[in-house]
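Enquirer: Make a model of this:
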Amino acid sequence: MDGPKTTPEDEKRQKLLREIGDRKLPYLTPKDVAFEQLSKAKYSKLHLRQASCVPKEIHQKVQRGLTALRDCKCFAQDLIQIRGKDVLTPVHRLLVGNPGHTYRYLDTRLFAVPWPTQQVEVKYSNEEIGKACQAIKDLNEYMQSETVKILFDRDVAVENDKGCVEKAMTSTLVEDSESVKGGHNQQSDVNTELKNRSSFNVALLNYMDPSRMKYLKEEPYFGMGKMAVSWHHDENLVEKSTIAVYSYSCDDLGPASDESNRNSFEGRDPTLWHVGLKIAWDIATPGLALPLYPGDCYFMLDDLNMTHQHCVLTGMQSRYSSTHRVAEVEFEWLRQFWFQGKRSAKLSDWWFGPMAILENSWKEMEQMTKLLLNEINKTQWSFEEKQQIIRCVLPLLEERQEMRKIWRIRCQSSLANDLPMDEQPACRPYWHSGDPGMPLPFDLEEIISLLRNQILPEVCWYFQRK
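Expert: Numbers count the residues shown, from 1 in each chain. Model (predicted):
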């Protein structure tokens with residue numbers, strides 16, 4: 001069996017490690033004199049909003065909601081793929097968001113538990129889950145409004161630096177632009193773009209208790225300590241959209257976390273959670289390790305997620321985070337949904353309606369595929385026309401067969417079987433050979449083989465015997 005495929009990211013990682021050798025790259029924390037200068041010069045699109053600047057009612061509702069979701073056992077480890085290998089995440093996750101939205105990362109798609117909306121009726125498994133989802137929605141709206149303000153203020157600062165003082169002074173905020181009557185308002189266009197880049201449609205919630213983890217990876221480049229999440233770019237987001245994160249580490253550390261002790265550590269304080277940042281594949285610029293106190297928020301603006309990588313470094317406390325994103329809408333939903341087992345049912349039954357519709361559409365696709373294959377054998381088509389049909393349909397069938405094999409293997413892996421019963425993947429759609437309700441077999445290998453050999457009479461015979 002072939003080993004895991006090497007990706008361009010793997011090659012860059014190995015090259016970077018070879019260049020570093022046995023040494024560790026430098027990084028700075030806020031206690032370092034050069035931290036602020038480096039932040040402005042190389043990490044200007046990272047913005048921190050300290051907990052004291054966030055409204056108290058937001059803290060109260062969100063922290064109560066996150067705790068309720070944990071108490072209701074709503075968080076779960078994700079079965080992801082890294083370099084072709086199934087891996088369970090050390091972090092427990094839950095996606096909440098606009099009805100019908102999903103977020104895909106590392107070959108696993110999460111389906112958002114809908115937060116309450118006026119347009120869609122959502123039935124939650126219990127009242128506490130509904131309240132928690134409302135709290136996350138309220139946080140989402142707060143994060144969105146703060147992101148627009150931060151981006152606006154940042155753009156004004158850039159214009160001032162260019163000497164465009166007059167333009168900056170005449171610019172208006174999003175809410176003021178609505179009062180402008182008549183004519184084309186350039187600032188309105190700017191504000192619309194800012195809102196589009198911060199119209200968060202999902203919030204990926206994370207929970208981790210480091211004391212329960214038997215093993216955590218060490219950060220490999222800077223020696224920053226143990227990581228909850230390795231270096232990465234966030235995937236499948238609208239280009240240049242902001243990522244906004246609310247962090248809540250919930251247990252008291254006692255004297256070890258006192259201000260008087262923090263400067264005694266060389267490098268970052270290992271008792272505190274940090275977000276680490278570095279310029280992607282760069283060894284010349286020092287990295288950053290930014291400590292996160294309960295209720296702190298940080299914003300990765302514009303293209304920071306593309307030009308830089310970030311990681312999450314563990315502290316001693318258990319920690320929640322709510323990461324707000326503008327996720328892209330994509331395909332490949334049906335098998336991904338059942339790969340989550342019955343996780344969705346623990347919170348709400350909302351997704352089962354759309355999935356039933358999607359499964360009916362998928363069955364129609366199977367029927368249409370059979371009809372297309374039957375067309376090959378009709379006498380009205382010339383030999384060349386039949387060959388053209390085969391050339392069109394064969395790659396699609398080969399891809400379909402390969403994906404079915406991949407998902408069967410993933411659903412039957414030892415890691416999948418070790419999950420709690422209600423989280424174990426279900427290989428669905430799946431049916432046994434000879435199922436009268438299905439127009440095509442699950443295993444398409446025989447059909448593919450006939451098409452590859454272009455043995456048209458045998459193709460006809462195959463369907464006649466069915």
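
Enquirer: Tally up the residues packed near the nearest residue to Arg400 once chain neighbours are set aside, please.
Expert: Distances taken as C-beta to C-beta, 6 or more residues apart in numbering place Leu444 nearest to Arg400, at 6.3 Å, with adjacent residues excluded. Using the backbone N, CA and C atoms, a C-beta is placed for each residue, glycine as well. Using other C-beta atoms under 10 Å, Leu444 is surrounded by 17 other residues.

Enquirer: mind checking pLDDT for Leu444?
Expert: pLDDT recorded at Leu444 is 95.

Enquirer: ok now do it, which residues does it touch?
Expert: 397, 400-401, 404 (C-beta atoms under 8 Å, 6 or more residues apart in numbering).

Enquirer: Now render those residues as a markdown table, adding neighbour count and distance to Met365.
Expert: A markdown table is the format used below for those (neighbours: other C-beta atoms under 10 Å; distance: C-beta to C-beta, whole Å):
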| residue | neighbour count | distance to Met365 |
| --- | --- | --- |
| Leu397 | 19 | 12 |
| Arg400 | 16 | 10 |
| Gln401 | 16 | 15 |
| Arg404 | 17 | 14 |
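
Enquirer: so of those residues, which ones are in strands?
Expert: When DSSP state E defines the strands, the subset of the contacts of Leu444 inside them is empty.

Enquirer: Take those residues and keep only those in helices.
Expert: 397, 400-401, 404 (DSSP state H).

Enquirer: Show me the two of those that sit farthest apart.
Expert: Distance extremes for the ones in helices among the contacts of Leu444: the farthest pair is Leu397 and Arg404 at 10.6 Å, using C-beta to C-beta.

Enquirer: Give the buried residues for the longest helix along the chain.
Expert: Across the chain, the longest stretch assigned as helix under DSSP H is helix 127-161. Going by neighbour count (16 or more other C-beta atoms under 10 Å), the buried part of helix 127-161 is 128-140, 142-144, 146-148, 150-152, 154, 156, 159.

Enquirer: And the strands in the stretch 101-250 of the chain?
Expert: 102-105, 108-111, 113-114, 202-208, 227-232, 243-249 (DSSP state E, counting those that start in this stretch).

Enquirer: Show residues contacting the third one.
Expert: The set of residues that contact strand 113-114 without belonging to it, under C-beta under 8 Å, 6+ apart, is 74, 94-100, 120, 122, 129, 133, 344, 347-348, 350.

Enquirer: Now it: average pLDDT?
Expert: Average pLDDT, strand 113-114: 97.

Enquirer: try the first one
Expert: Confidence over strand 102-105, taken as the mean pLDDT, stands at 94.

Enquirer: how about it: buried residues?
Expert: Buried-residue list, strand 102-105, by 16+ other C-beta under 10 Å: 102-105.

Enquirer: And the contacts of Leu444, which is closest to Ala416?
Expert: Checking those against Ala416 by C-beta to C-beta gives Arg404 as the nearest, at 16.1 Å.

Enquirer: Report the separation between the closest one and Lys149.
Expert: Relative to Lys149, Arg404 is positioned 48 Å away (C-beta to C-beta, to the nearest Å).

Enquirer: Hmm, His232 is touching Gln309, no?
Expert: Yes: the pair His232 / Gln309 is scored as a contact, 6.0 Å apart, by C-beta atoms under 8 Å.

Enquirer: if you count what's nearby, which of the two comes out ahead?
Expert: For His232 versus Gln309, neighbours defined as other C-beta under 10 Å are more numerous around Gln309 (21 against 15).

Enquirer: Run through the strands of the stretch 301-450 of the chain in chain order.
Expert: So, for the stretch 301-450 of the chain - with DSSP E, counting those that start in this stretch - the strands run 308-313, 319-325.

Enquirer: Pick the most buried one from those.
Expert: Ranked by average neighbour count under the criterion mean count of other C-beta atoms under 10 Å, the strands of the stretch 301-450 of the chain are headed by strand 319-325 at a mean of 24.

Enquirer: any weak-confidence spans in this structure?
Expert: 1-5, 158-187, 190, 251-265, 454-466 (pLDDT under 70).

Enquirer: show me what contacts Leu79?
Expert: Contacts of Leu79 by C-beta under 8 Å, 6+ apart are 86-88, 108, 339, 410, 413, 415-416, 419, 425.

Enquirer: Ramachandran angles for Leu88?
Expert: Dihedral pair for Leu88: phi -90, psi 130, per degrees, to the nearest 10.

Enquirer: Nearest residue to it in space, please, no chain neighbours.
Expert: What sits nearest to Leu88 in space, not counting adjacent residues and going by C-beta to C-beta, 6+ apart, is Gln77, at 4.8 Å.

Enquirer: end-to-end on stretch 296-310?
Expert: End-to-end distance for stretch 296-310, by C-alpha to C-alpha, to the nearest Å: 17 Å.

Enquirer: So what touches that stretch?
Expert: Residues outside stretch 296-310 that contact it (C-beta under 8 Å, 6+ apart) are 43, 45-51, 54, 143, 146-147, 150-151, 154, 197, 231-234, 237, 239-240, 242-247, 275-280, 290, 292.

Enquirer: try it again with 6 Å
Expert: 45, 47-51, 147, 150, 231, 233-234, 240, 242-247, 275, 277-280 (C-beta atoms under 6 Å, 6 or more residues apart in numbering).

Enquirer: Buried by neighbour count, from these: which ones?
Expert: Judged by 16+ other C-beta under 10 Å, buried ones among the contacts of stretch 296-310: 45, 47, 49, 51, 147, 150, 231, 234, 242-247, 275, 277-278, 280.

Enquirer: before we move on, back to that, quick one: the buried residues of strand 102-105 as JSON lines, columns for distance to Val33 too.
Expert: Below are the buried residues of strand 102-105 laid out as JSON lines (distance: C-beta to C-beta, whole Å):
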{"residue": "Thr102", "distance to Val33": "45"}
{"residue": "Tyr103", "distance to Val33": "39"}
{"residue": "Arg104", "distance to Val33": "42"}
{"residue": "Tyr105", "distance to Val33": "37"}
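
Enquirer: Give the buried residues for stretch 271-290.
Expert: Buried residues in stretch 271-290, defined by neighbour count with 16+ other C-beta under 10 Å: 271-278, 280, 285-290.

Enquirer: likewise stretch 341-349?
Expert: Residues of stretch 341-349 classed as buried under the neighbour-count rule (16+ other C-beta under 10 Å) are 341, 343-344, 346-348.

Enquirer: could you dump it to CSV, C-alpha only?
Expert: Taking Å, rounded to 0.1, in the frame of the first residue of the first chain, the C-alpha atoms of stretch 341-349 are listed here in CSV:
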residue,chain,number,x,y,z
GLY,A,341,-23.1,10.0,13.1
LYS,A,342,-26.0,11.2,15.1
ARG,A,343,-24.2,14.3,16.5
SER,A,344,-26.7,16.7,14.9
ALA,A,345,-29.7,15.0,16.5
LYS,A,346,-28.4,15.7,20.0
LEU,A,347,-28.9,19.4,19.5
SER,A,348,-31.7,19.9,16.8
ASP,A,349,-33.5,17.9,14.1
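
Enquirer: Understood, closing this out.
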